[in-house]
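Engineer: return a 3D structure for these sequence lines:
(2 chains)
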Amino acid sequence: MPFYRQIDKAIVSAALLAFGLVTAGAVTVATEGTASSATDNSRLVSVQQLPDNFNDPCSWEPSTSSDLPGAQVSADSPEEQALYAGLRRDAYPVLGAAVQGRAGNVQRRASSVVRAEEEDREAAEMRANGARSPVRTIRDTAPTYSAVAVDTNTNEVILQDNNLWEYQVFDRLAPTPAGPNDITPPKRTVRGDKTLIQFNNGLYVDPQGDIFSVESDTGDRMVRFPRDANGDVPPKAVLHTPHRIYNLAGSESRQEIFATVEYPPQVAVFRKDASGEDQPLRVLEGDATGLDAPHGIAVDEKDQLLFVNNWGHHSDVSVAGTGKWLPPSIKVYPLTASGEARPLRVITGDKTELDWPAAMKFDPDSGELYVANDIGQSVLVFAGAAAAQGDIAPSRVIHGPSTRLRNPTGVALDLKNKELWVSNLGNSSATVYPLDANGDASPLRVIRSAEESKRGVNFGRISAVTYDPIRQEILVPN
Amino acid sequence: MNHPQIAVFARSAGENTPYLRSIEGQKSLLGRTMHDLAFDEIHDEIVVTSALAQGILTFRGAANGEEAPIRFIQGDKTRIRGMGGDSAVGKVSIDSVHNEILIANGDNTILVFDRLANGNVAPKRILGGPDTQIKLGGASGTAIRVDPVHNLLLVPTGGIAGGKVLIFDRTASGNTPPRAIIQGPVAMGNQFEIYAPKLRLVTYPHGSNIEIWNIPLSGVSTEPSKKIPAPLGRGGNTETGIVLDPLHKEVIIATAAGNSIMTFSVPEVYDDWPAPSGGVPSAAAR
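Structural biologist: Model (predicted):
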């Protein structure tokens, strides 16, 4: 086809007019804010130089080998078919290799090894030698608590911090900070390059006190620490996980760890002591499962059930135009479900109030399912969860200004002390309630890592940005 | 990505400054893997992909809270699918002058939709084929950008690792070769930007520099970039985002793993460059 070299003068004129109008508008509304000077506040973070073959940490390396049996491929070319097959297989490289009988050729997704402290140090040195410093920096210096667990053996509460890449351990009975600017001192903090913690989101604490932390991006690892870990220490075990994990649940009777993977959607079940390149014991995936952007997950060992909530983003990665948005839901499976198992029951509909549902926990004593409901600013409790289905209202909803909930994404049940713990992504806090709390209930106590009026920025790997010159505003997607 | 909001901050925001508003929640249809978005300053709209649902969303510029998009593009007619080696929908760009939304698609094509397209609609143009040299694959995917003043479409190849930037006529379709190429290699962050008045491409590849490249209108340019050392600290070695603020002569960087937005004063992007001593001004001084 010929090159297009003719310039449409009318369009150029329109373009220039439009630019002029926008610029004029921008000037009109310009209200120069007070530009904070470049901050030298050092955070204990940095990033290690990546290997030469580094690729986008939020993407997958293409495979050079053919597809897995059963993979649904409708790509246009053999190259694309191999690509999509690789995408499916890369989630479990060794499993894929075993199926294909050529372990040595299987590529794995590049993981990002982050050494935050080192890169901050290097930046400081460069700036001291004349490199440009930022005139403004938007960031949060306080933790962003994505998940919570409670260890009743030691009366400790563990909070995942997705912002500073750490977890902190607090006294379960620590009183609410007295003054509005006071914070709760942690007993221990696990953070630093050696910990391999980054974008940590899923959390599970076993009866021995071992802490399992899984990340939702970049490094694709689950790290396991002993109860008394403190400081910049290496994990006792590291498991290479699929990409895009959101949440964890554990089954002590089965000695298994369950993980939700947002996309391609699946539930992966590992031995609890899995490490390295150990493969999942089973995987629940495929269209029949109804998994669509799965997030929270809970185990009901009493009834041998698995609860998984979904945000409803649906598509087949290998087929163009298959996208759909479905309503949020909680789907119920047998605990041992695998392959393309269909859900036994589905809880969905307007009455459920589900709105970006996050972590869930099941109470075997009462049969209730607790759901952290991020955008609903609530905790939803569904009674008789083992048999619940359809468009049902929660039996209790903890919600309201007295609750101090703000973007709750983590829940933990302390059945020994009859308490419900919630981690709040949006205000650097954890709040605890009586297990039977309902409505606009005040917390019994608050663990706070920032001032009482804190509103977090909720950043979690912000890799794009745009600018609104009309309002002079910066738009940041997570 | 565990809370896929679009947070909106005042330009003057700093450390611990809360966002002014946030688009979020089920009604927004937003989901994780928003690796690109665009602001349409003529029509006051925000365009972003809903990657896991193979969709493109358009919001009001002042959208706030749990607000539904005013339009969306999704369905089998759209041909939208996963991005190269990734499983997510590709990156999106807006040409607000010519009322078009462009997306880098997973089959090494550029899909162009009418800005007002809504629902299950076919693209109005598709650019792709062996003569185009477009290779959006690789692991990193790539952003694409339009220069509506000079009627150009810029399509990088090579992603973070670096490669050529293919320059097409804005309205090119089918198996059309590029009209010009920046030989590079031009390493990319997650996004790049164009400063059209000076025909410059601005990027922040992983490393420590803002890089400015001249955009040729024809032929193959082997001119090197101008590099402005501007280290990010944590996050500098992951894929960054970037956008320009010409009014204040600033460059705004999203640091990804750094969980921060850094604004640098970089007049070099916007101003004429001095001629080399005793020499003729280079193309860079345009």
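Engineer: which pLDDT value goes with the residue of chain B at minimum distance from chain A?
Structural biologist: Closest approach between chain B and chain A, counting by C-beta to the nearest C-beta: B:S12, at 2.2 Å. Where C-beta positions appear, they are placed from N, C-alpha and C, glycine not excepted. At B:S12, the pLDDT value in this model is 98.
Engineer: and B:G159, its phi and psi?
Structural biologist: Dihedral pair for B:G159: phi 60, psi -140, per degrees, to the nearest 10.
Engineer: hang on, the earlier thing: and the residue of chain B closest to chain A, how many neighbours?
Structural biologist: 18 (other C-beta atoms under 10 Å in any protein chain shown).
Engineer: wait, it sits on A:R136?
Structural biologist: Yes: taking C-beta atoms under 8 Å as the definition, B:S12 is a contact partner of A:R136 at 7.0 Å.
Engineer: how about the strands in the stretch 151-300 of chain A?
Structural biologist: A:156-161, A:166-171, A:188-191, A:200-205, A:211-215, A:221-225, A:237-240, A:245-251, A:256-261, A:266-271, A:282-285, A:294-300 (DSSP state E, counting those that start in this stretch).
Engineer: export those strands to TSV and tack on mean neighbour count?
Structural biologist: Supplementary listing: those in TSV, determined by neighbours: other C-beta atoms under 10 Å in any protein chain shown:
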stretch	mean neighbour count
strand A:156-161	26
strand A:166-171	22
strand A:188-191	20
strand A:200-205	25
strand A:211-215	25
strand A:221-225	23
strand A:237-240	18
strand A:245-251	24
strand A:256-261	25
strand A:266-271	21
strand A:282-285	22
strand A:294-300	25
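Engineer: of all these, which lies closest to chain B?
Structural biologist: strand A:200-205 (5.0 Å).
Engineer: can you get me a residue count around A:D350?
Structural biologist: 9.
Engineer: scratch that, A:D365
Structural biologist: Residues near A:D365, counting by other C-beta under 10 Å, number 10.
Engineer: name the nearest residue to the residue of the stretch 301-450 of chain A found nearest chain B, ignoring sequence neighbours.
Structural biologist: In the stretch 301-450 of chain A, the residue that lies nearest chain B is A:G323 (2.9 Å; C-beta to the nearest C-beta). Excluding its sequence neighbours, the residue lying closest to A:G323 (C-beta to C-beta, 6 or more residues apart in numbering or on different chains) is B:Q54, at 2.9 Å.
Engineer: and what of A:T152?
Structural biologist: Sequence neighbours aside, A:K416 is the residue nearest to A:T152 in space, at 4.4 Å (criterion: C-beta to C-beta, 6+ apart).
Engineer: B:E100 now?
Structural biologist: Nearest one to B:E100, counting by C-beta to C-beta, 6+ apart, is B:V112 at 5.4 Å.
Engineer: touching, the one you found and B:I101? I think so.
Structural biologist: Yes: at 7.4 Å, B:V112 and B:I101 qualify as touching, with contact defined as C-beta under 8 Å.
Engineer: export stretch A:410-423 to PDB, keeping only CA atoms.
Structural biologist: The C-alpha trace of stretch A:410-423 is given here as PDB (Å, rounded to 0.1, in the frame of the first residue of the first chain):
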ATOM      1  CA  GLY A 410      -8.200  -9.100  55.000                       C
ATOM      2  CA  VAL A 411     -10.100 -11.100  57.600                       C
ATOM      3  CA  ALA A 412      -9.000 -13.500  60.300                       C
ATOM      4  CA  LEU A 413     -11.000 -15.400  62.900                       C
ATOM      5  CA  ASP A 414      -9.800 -15.900  66.400                       C
ATOM      6  CA  LEU A 415     -12.100 -18.700  67.500                       C
ATOM      7  CA  LYS A 416     -10.400 -19.100  70.800                       C
ATOM      8  CA  ASN A 417     -11.100 -15.500  71.900                       C
ATOM      9  CA  LYS A 418     -14.200 -15.100  69.800                       C
ATOM     10  CA  GLU A 419     -12.800 -12.100  67.800                       C
ATOM     11  CA  LEU A 420     -12.900 -11.000  64.200                       C
ATOM     12  CA  TRP A 421      -9.800  -9.200  62.800                       C
ATOM     13  CA  VAL A 422      -9.900  -7.100  59.700                       C
ATOM     14  CA  SER A 423      -7.000  -5.400  57.900                       C
END
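Engineer: if we can go back for a sec, for B:G174, see how far away the residue of chain B closest to chain A is.
Structural biologist: Look at B:S12 and B:G174: by C-beta to C-beta, to the nearest Å, they are 46 Å apart.
Engineer: now do B:S96
Structural biologist: B:S96 is 24 Å from B:G174, by C-beta to C-beta.
Engineer: mind pulling the model confidence for residue 23?
Structural biologist: In the absence of a named chain, chain A is used. So, for A:T23, pLDDT stands at 36.
Engineer: I was after chain B.
Structural biologist: pLDDT at B:I23 comes out at 98.
Engineer: one more: A:L87?
Structural biologist: Looking at A:L87, the pLDDT reads 37.
Engineer: now distance to chain B and mean pLDDT too, for the strands of the stretch 151-300 of chain A, in TSV please.
Structural biologist: Formatted as TSV, those follow (distance: least, C-beta to the nearest C-beta, whole Å; pLDDT from 0 to 100):
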stretch	distance to chain B	mean pLDDT
strand A:156-161	10	98
strand A:166-171	13	98
strand A:188-191	13	97
strand A:200-205	5	95
strand A:211-215	10	96
strand A:221-225	14	97
strand A:237-240	17	97
strand A:245-251	7	97
strand A:256-261	11	98
strand A:266-271	12	98
strand A:282-285	13	98
strand A:294-300	8	98
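Engineer: now these as JSON lines including distance to B:L29?
Structural biologist: Output for those, formatted as JSON lines (distance: least, C-beta to C-beta, whole Å):
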{"stretch": "strand A:156-161", "distance to B:L29": "27"}
{"stretch": "strand A:166-171", "distance to B:L29": "32"}
{"stretch": "strand A:188-191", "distance to B:L29": "35"}
{"stretch": "strand A:200-205", "distance to B:L29": "22"}
{"stretch": "strand A:211-215", "distance to B:L29": "25"}
{"stretch": "strand A:221-225", "distance to B:L29": "30"}
{"stretch": "strand A:237-240", "distance to B:L29": "32"}
{"stretch": "strand A:245-251", "distance to B:L29": "18"}
{"stretch": "strand A:256-261", "distance to B:L29": "20"}
{"stretch": "strand A:266-271", "distance to B:L29": "22"}
{"stretch": "strand A:282-285", "distance to B:L29": "23"}
{"stretch": "strand A:294-300", "distance to B:L29": "16"}
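Engineer: so, low pLDDT: which residues of the chain?
Structural biologist: Picked chain A for this. For chain A, the stretches with pLDDT under 70 are A:1-114.
Engineer: switch to chain B, that's the one I care about
Structural biologist: If you take pLDDT under 70 as the line, chain B has these spans: B:82-89, B:137-141, B:276-286.
Engineer: repeat that with 50
Structural biologist: Applying pLDDT under 50 to chain B picks out residues B:84-85, B:87, B:139, B:279-286.
Engineer: what ranges does it have for its helices?
Structural biologist: Counting by DSSP state H, chain B has no helices at all.
Engineer: next one: chain A
Structural biologist: A:9-29, A:78-90, A:93-100, A:116-128.
Engineer: re the thing from before, now the phi/psi pair for the residue of chain B closest to chain A, please.
Structural biologist: Residue torsions, per degrees, to the nearest 10, at B:S12 are phi -80, psi 0.
Engineer: and stretch B:145-165, what's buried?
Structural biologist: By 16 or more other C-beta atoms under 10 Å in any protein chain shown, the buried positions in stretch B:145-165 come out as B:145-161, B:163-165.
Engineer: what is the burial count for residue 175?
Structural biologist: In the absence of a named chain, chain A is used. The burial count for A:P175: 10, using other C-beta under 10 Å.
Engineer: you answered for a different chain; I wanted chain B.
Structural biologist: Residues lying near B:N175 (other C-beta under 10 Å) number 14.
Engineer: surely the residue of the stretch 301-450 of chain A closest to chain B touches B:I73?
Structural biologist: No: using C-beta under 8 Å as the test, A:G323 is too far from B:I73 to be in contact (9.6 Å).
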